[in-house]
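1. Just need the structure, nothing else, for what follows:
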Amino acid sequence: MRTLITTAAAALVAALLLAPSAAQADSRVTVRNDFGRAEADTTYSTKITVTGSGFQSIRNAHGGVYVAFGTVSGTWRPSQGGVTGKNYRYVPDSETRSNQGFLRYVAYPGSDTAASANGGTLKGGGFSTTLTIPGPVFKTYDRDNKITTVDCRKVRCGVITFGAHGIKNANNETFTPVTFKKIITSGAAQQAPAADEAAPGAVADEESAPEAAAKGAPAKKGRPAVRVDQRTAVQGRVLAFSGTGFTPGEQVLAILDDGAAAAGPIVVGARGDVAAVIQIPASAKAGTHTLRVSATTSGTEVERNFAIAPDTSLAAATDEETTDWVPWAAAAAAAVILLLSLVLAVVRLRRIRAGRAA
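-> Below is the predicted model of the structure:
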């Protein structure tokens, strides 16, 4: 009887979360830029305000709602089998509270992950947060690090909401289209993210693009180039790199080899420069490797070959561990031999006593 009740309860919860219902139809999202329209600029990044209502809010439940910008196709909803990187793609960003503003997390009230929410709390089924659209072209990658370029001038893009932290909830899955137009003049261009919104690894300029242009500072210098800090090119450590000559305001992705590690998207500064770090896997072999930096809007791609040095401290630790276990192994072997000797002595003694008794 208890098993039957448990099964029925689980089925009820699944029905509430996964089955499209009237609650799903009530989920509404409005998108507004500074001019009150669901539009983004074709050249510059655009900060929009996303407001949701009618969403399902579950108090003290794990997770919440992700708010992202991207494109969808076919049966994209995760509750219906949609897969990220295949049925829906969005601008990648870190899932930390202080990311670059391309991804927002709205938490359920009392959620165990509410501390990392950068989009507020889902109160009364509603929320309001800001989201940064980097431009009409962006690069994204799936769970296997396969990179795909999305051009919102060729496919329909918009704001996507879906269950956060792997929790599928059909009631909170929406797509709201956003169109691209020339809406920002060069004198009022937006740079994103701002210095106080930049994620670790992204460097924001002290001046915005229009301010730099007004002062006569060059926005772009020479051919694009990438440099690495060779001192940081060590197995298992963080590699520091920088670049120049990129288009101000666009975003770039950094890829190590064929996807062994990635960093970004990183917004290019007003002078066309960029600086960030990328994690070198501890499993990376010592020798020559390739760092590829790809720009989304201009399509610029620059490669830099560099050498990764072995982590001598890791090797020393391994040698020390190898040396440390030798005395213990010898002691264990001696203990085994002693134990076997005792067992043999006891067996022999029992046989002698049995012979005397006979």
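2. Settle this for me: residue 49 is touching residue 32, isn't it.
-> Yes. Assessed by C-beta atoms under 8 Å, residue 49 is found in contact with residue 32 at 5.1 Å. (Each C-beta comes from the backbone N, C-alpha and C, glycine too.)
3. Now do the phi/psi pair for residue 232.
-> phi -100, psi 0 (degrees, to the nearest 10).
4. Make sure it is actually in contact with residue 240.
-> Yes. Contact criterion C-beta under 8 Å: residue 232 and residue 240 qualify, at 4.8 Å.
5. Tell me the residues that contact both of the two, please.
-> residue 277 (C-beta atoms under 8 Å, 6 or more residues apart in numbering).
6. for the chain, what are the low-confidence residue spans?
-> Residues of the chain meeting the criterion pLDDT under 70: 1-25, 142-143, 145, 185-221, 314-331, 355-358.
7. per the record, what domains does it have?
-> Split into domains by automatic domain parsing, the chain comes to 2-181, 202-308, 319-358.
8. Could you export those as a markdown table, including mean neighbour count?
-> Converted to a markdown table, the domains of the chain look like this (neighbours: other C-beta atoms under 10 Å):
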| stretch | mean neighbour count |
| --- | --- |
| domain 2-181 | 18 |
| domain 202-308 | 18 |
| domain 319-358 | 10 |
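9. Tell me where the stretch 201-350 of the chain has strands.
-> Secondary structure of the stretch 201-350 of the chain by DSSP state E, counting those that start in this stretch: the strands cover 225-228, 238-244, 251-256, 261-267, 274-279, 287-295, 301-308.
10. roughly how far apart are residue 230 and residue 239?
-> 9 Å (C-beta to C-beta, to the nearest Å).
11. separation between the residue nearest the centre of the chain and residue 69?
-> Nearest to the geometric centre of the chain sits residue 94, at 3.8 Å (C-alpha atoms, centre = their mean). Distance, residue 94 to residue 69, by C-beta to C-beta: 15 Å.
12. Same check on residue 172?
-> 17 Å.
13. Could you do residue 351 as well?
-> Distance from residue 351 to residue 69, by C-beta to C-beta: 84 Å.
14. Next: residue 171.
-> In terms of C-beta to C-beta, residue 171 sits 21 Å off from residue 69.
15. Ok, residue 243 next?
-> 24 Å.
16. Equivalent analysis for residue 222, please.
-> With C-beta to C-beta as the criterion, residue 222 and residue 69 are 32 Å apart.
17. so what's the backbone phi/psi at residue 125?
-> Per degrees, to the nearest 10, the backbone of residue 125 is at phi 80, psi 10.
18. Do I have it right that it meets residue 59?
-> No. Residue 125 is beyond contact range of residue 59, at 11.6 Å (criterion: C-beta under 8 Å).
19. which ones are touching residue 122?
-> 52, 55, 57, 64, 65, 106, 107, 108, 109.
20. With just CA atoms, put the strand or helix carrying the fifth one into PDB.
-> Right, the one you point to is residue 65. Using DSSP states H and E, residue 65 falls within strand 64-72. The C-alpha trace of strand 64-72 is given here as PDB (Å, rounded to 0.1, in the frame of the first residue of the first chain):
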ATOM      1  CA  GLY A  64      14.600  27.900 -10.800                       C
ATOM      2  CA  VAL A  65      14.600  29.500 -14.300                       C
ATOM      3  CA  TYR A  66      17.400  30.300 -16.700                       C
ATOM      4  CA  VAL A  67      17.000  33.400 -18.900                       C
ATOM      5  CA  ALA A  68      19.200  33.400 -22.000                       C
ATOM      6  CA  PHE A  69      19.400  34.700 -25.500                       C
ATOM      7  CA  GLY A  70      19.600  32.300 -28.500                       C
ATOM      8  CA  THR A  71      17.700  30.400 -31.100                       C
ATOM      9  CA  VAL A  72      15.400  27.400 -31.100                       C
END
